[in-house]
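Enquirer: Model the structure of this input:
(one chain, ligands or ions: 2)
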Amino acid sequence: MPFDRSVKIAPSILAADFANFGAEVQAVEAQGADWIHVDVMDGHFVPNLTFGPPMVKALRKHVTTVMDVHLMIAPVDPYIDAFADAGADVLTAHVEAGPHIHRTLQAIRGAGMKAGVALNPGTPASAVAHVLDLCDLVCVMTVNPGFGGQSFIDMTGKITELREMIGDREVHIEIDGGVDVGTAESVVQAGADVLVAGSAVFRGGSVANPAPYGENIRAIRAAAGA
Ligand code: DX5
Ligand code: ZN
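Expert: Ligands and ions are numbered 1, 2, ... in the order given. Got it, this is the predicted structure:
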């Protein structure tokens, strides 16, 4: 997984057909997805439930790009090995999920994965100032996590600040929530390179009719100026 700052579109399978995940992953990859974003929710850290390591492991067989697993769970540490075994390439934990994000990031890297740290809209950039050398990705939430299809919350100032803090480090800035043709440009201008998009990618298409996925991905990429 060589590092670069080109714009990457990461469809979130939260907006896919849950009874058809394997085929949905294949369809969005065939339509131009760069990464596959997988949202794990526990009904405790966020007010919604999705799925756990066995589902992620089953998905792995269908992902040929990068499997980007976003944990919205607390605690995180007891599950790190299970997500490594499931085949996550990037494993992202929320800084708000516990008091020991430093240890969590070390453990994620120690288990052989790229380590990500996510920030809720109410959390300042400074929360990750002392862990930037331990992570490979900072995820800036532009909605309150838990659900797809919510309206974008402007975090431009935070993204700009993080981009400066990151400097030459090989750390991606990922944006998650409400990314569409109307919001992609501002976040990329501010310094983001990974754009998660659920509803804006899956809207209008299906496994039987995947062409809209490609149109949506190309439209977001074009809007981002990529
Ligand atoms: C929200 C999830 C997002 C979500 C994005 O808690 O982390 O990944 O699927 O969905 P959209 O793009 O519809 O806002
Ligand atoms: Zn997510």
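Enquirer: Ligand 1 contacts on the chain?
Expert: With Cβ under 6 Å from any ligand atom as the criterion, the chain meets ligand 1 at residues 12, 14-15, 37, 39, 70, 143, 145-150, 176-179, 196-200. C-beta here means a position set from N, CA and C on the backbone, and glycine is covered the same way.
Enquirer: Lys61: neighbouring residues, count only.
Expert: Look at Lys61: counted by other Cβ atoms under 10 Å, it has 10 neighbours.
Enquirer: returning to what we had before: could you list which of the residues of the chain next to ligand 1 belong to strands?
Expert: Counting by DSSP state E, the residues of the chain next to ligand 1 place His37, Asp39, His70, Asp176, Val196, Ala197 in strands.
Enquirer: returning to what we had before: what subset of the residues of the chain next to ligand 1 is buried?
Expert: For the residues of the chain next to ligand 1, a burial check counting by 16 or more other Cβ atoms under 10 Å picks out 12, 14-15, 37, 39, 70, 143, 145-146, 148, 176-179, 196-200.
Enquirer: returning to that earlier point: which members of the ones in strands among the residues of the chain next to ligand 1 are the farthest-apart pair?
Expert: Greatest spatial distance among these (Cβ to Cβ): His70 and Ala197, at 13.0 Å.
Enquirer: any chance you could map the helices in the protein?
Expert: For the chain, helices defined by DSSP state H occupy the ranges 21-30, 53-60, 80-85, 101-110, 156-166, 184-190, 199-202, 211-223.
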